[in-house]
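Colleague: I would like the atomic coordinates for the input below:
(one chain, ligands or ions: 2)
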Amino acid sequence: MVTILPIASGKGGVGKTVLAANLGVCLAGLGRTVVLADLDLGGANLHTCLGVKNRNPGIGALAWRQEKSLANLLVETRVDRLWFIPGDNLLPGTANLEFFVKQRILRELARLPADFVLLDLGAGSSYNVVDFFLTSSSGLLVIQPEATSILNAYSFLKTSVYRMLFRSFPRASEERRRVADFVSRRVEGSGASFLELARELARDFPASAPPALEQLSRFFPRVVLNEGRGPKDASLGLHLRDMVTRNLGIPMEYVGFLLRDDAVPRSVAERTPLALSRPGSPFARGAAALAARIAAQPGGAPPRLFEDDEDLSGALEEAFRDQDYPVEEGPGEGSAGGP
Ligand SMILES: Nc1ncnc2c1ncn2[C@@H]1O[C@H](COP(=O)(O)OP(=O)(O)OP(=O)(O)O)[C@@H](O)[C@H]1O
Ligand SMILES: [Mg+2]
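Modeller: Numbering: from 1, shown residues only. Ligands and ions are numbered 1, 2, ... in the order given. Coordinates of the predicted model:
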């Protein structure tokens, strides 16, 4: 069975693409067949990190029905067992996909003849990105050891849990309406937390809420800290886990700690992943350790979510766009708040 592994981040430029390329090389080195899919639809650049020319049709060809099967878009790389699907800066409009187009892409990704399909996503918490992230219960979230990155990652996970809960209920259901209302109330400053929403749903929808909340309890994002410099950075990362556990009630695991390494930008300029050119470098060693961990524990079953081709009046997106969320409950977190 294919394991789809999305790679996301709240903040841009934290190393998702570099990580995707290196993880791909390392997983292929462990004997797995890997497809790297460039789903950063506004700013596709995975081909640069891989050293593959960007002249093949990409995901957009599927989105706009010029191509029926993603398998026809696979591009060979210089690494055995490592394949690539280009993103698309070429076709206008690919950055904003309608829900049914996303569904088609996901259906096709799950059919690819591979052990792993790594999704290099765009930055931020737009629904496009979040929906791709939610194709796995345990996608990778990349952070850097700095306050803005950590707060953006928290924001991203928060949008993800609301979105997951929303999509755990069928279209036009009373439960969905309740989730949307709750979010609007939050926007108006009620300050109620996600856990209160969960309690409210459990109380008012005793038949339908438990399976949704049960599914949410299996949501298990895995965080990779990139550009780390020392143990102090690791402890900054733990702050994120505290916020996530306390306010969102979900677990989170640190699966990788990658060091800041001047060889990384050089490898991008050389268009060769470090795992190929300098496997002994600190970053490549960290990526190899992460790949070994992922190969041993590919991730749980994907969540079962209902479609969403209705407009949630933009409420969720509006609520969480470009916002940082300080800790909602409990004293003592003072200065962690964003602007
Ligand atoms: N561990 C590291 N040490 C030093 N530089 C790094 C490290 N990781 C990434 N970089 C550098 O950071 C820059 C951004 O990396 P990358 O493009 O992979 O980020 P991204 O998260 O994919 O960005 P975007 O959100 O724009 O897609 C690159 O120039 C890369 O060389
Ligand atoms: Mg990128």
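Colleague: Which residue would be the closest one in this structure to ligand 2?
Modeller: Thr17 (3.3 Å; Cβ to the ion). No exception for glycine: its C-beta is placed from N, CA and C like everyone else's.
Colleague: what helix or strand is that residue on?
Modeller: helix 16-29 (DSSP states H and E).
Colleague: Nearest residue to the residue of the stretch 51-200 of the chain found nearest ligand 1 in space, please, no chain neighbours.
Modeller: Residue nearest to ligand 1 within the stretch 51-200 of the chain: Ala123 (3.6 Å; Cβ to the nearest ligand atom). Closest residue in space to Ala123, ignoring its immediate chain neighbours: Gly12 at 3.4 Å, by Cβ to Cβ, 6 or more residues apart in numbering.
Colleague: Please confirm that the one you found is located within a strand.
Modeller: No. Applying DSSP: H, G, I helix; E, B strand; the rest coil, one finds Gly12 to be coil, outside a strand.
Colleague: What does it show for phi and psi?
Modeller: The phi/psi pair for Gly12 (degrees, to the nearest 10) reads phi -80, psi 160.
Colleague: Tell me how many other residues surround it.
Modeller: If you count neighbours by other Cβ atoms under 10 Å, Gly12 ends up with 13.
Colleague: distance of it from ligand 1?
Modeller: 3 Å (Cβ to the nearest ligand atom, to the nearest Å).
Colleague: count of neighbours near Val142?
Modeller: 27.
Colleague: Next: Pro282.
Modeller: 17.
Colleague: What sits closest to Leu240 if chain neighbours are left out?
Modeller: Going by Cβ to Cβ, 6+ apart, Leu240 has Ile150 as its nearest residue, at 4.9 Å.
Colleague: coming back round to it: now do the contacts for the residue of the chain closest to ligand 2.
Modeller: Shown in contact with Thr17 (Cβ atoms under 8 Å, 6 or more residues apart in numbering): 40, 45-46, 49, 120.
Colleague: Same list (the residues you listed) but as JSON lines, adding secondary structure, distance to ligand 1 and neighbour count.
Modeller: Putting these into JSON lines (DSSP: H, G, I helix; E, B strand; the rest coil; distance: Cβ to the nearest ligand atom, whole Å; neighbours: other Cβ atoms under 10 Å) gives the following:
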{"residue": "Asp40", "secondary structure": "coil", "distance to ligand 1": "5", "neighbour count": "25"}
{"residue": "Asn45", "secondary structure": "coil", "distance to ligand 1": "7", "neighbour count": "15"}
{"residue": "Leu46", "secondary structure": "helix", "distance to ligand 1": "8", "neighbour count": "25"}
{"residue": "Cys49", "secondary structure": "helix", "distance to ligand 1": "7", "neighbour count": "25"}
{"residue": "Asp120", "secondary structure": "strand", "distance to ligand 1": "7", "neighbour count": "26"}
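Colleague: Could you work out the most separated pair of these?
Modeller: For the contacts of Thr17, the farthest-apart pair by Cβ to Cβ is Asp40 and Cys49; their separation is 11.4 Å.
Colleague: quick one: the residue nearest to Leu240 from Ser267, how far?
Modeller: Ile150 is 26 Å from Ser267, where distance means Cβ to Cβ, to the nearest Å.
Colleague: ok, now Gly60?
Modeller: Counting by Cβ to Cβ, the gap from Gly60 to Ser267 is 27 Å.
Colleague: about what we covered before: how about the contacts made by the residue of the stretch 51-200 of the chain closest to ligand 1?
Modeller: 8-14, 16, 129.
Colleague: what sits against the nearest residue to Lys53 once chain neighbours are set aside?
Modeller: Sequence neighbours aside, His47 is the residue nearest to Lys53 in space, at 7.0 Å (criterion: Cβ to Cβ, 6+ apart). His47 is in contact with 38, 53-54, 84, 86-87, counting by Cβ under 8 Å, 6+ apart.
Colleague: Now render the contacts of Ala123 as a markdown table, adding pLDDT and distance to Leu74.
Modeller: As requested, the contacts of Ala123 are exported to a markdown table (pLDDT from 0 to 100; distance: Cβ to Cβ, whole Å):
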| residue | pLDDT | distance to Leu74 |
| --- | --- | --- |
| Ala8 | 97 | 23 |
| Ser9 | 96 | 26 |
| Gly10 | 93 | 30 |
| Lys11 | 93 | 31 |
| Gly12 | 94 | 27 |
| Gly13 | 95 | 28 |
| Val14 | 97 | 27 |
| Lys16 | 98 | 21 |
| Val129 | 92 | 23 |
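Colleague: Buried subset of the residues you listed as a PyMOL selection?
Modeller: The PyMOL selection below is limited to those of these classed as buried (16 or more other Cβ atoms under 10 Å):
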select buried, resi 8+9+10+11+14+16+129
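Colleague: Go through the contacts of Ala123 and name the one nearest Arg177.
Modeller: So of the contacts of Ala123, ranked by how close each gets to Arg177 (Cβ to Cβ), first place is Val129, at 24.6 Å.
Colleague: Please report the distance of that closest one from Ala207.
Modeller: Applying Cβ to Cβ to Val129 and Ala207 gives a distance of 32 Å.
Colleague: repeat for Ser160
Modeller: To Ala207, Ser160 is 25 Å away according to Cβ to Cβ.
Colleague: Of these two, which one has the most company?
Modeller: Ser160 (24 against 6).
Colleague: so the more buried one is in which element?
Modeller: Judged by DSSP H and E, Ser160 forms part of helix 147-167.
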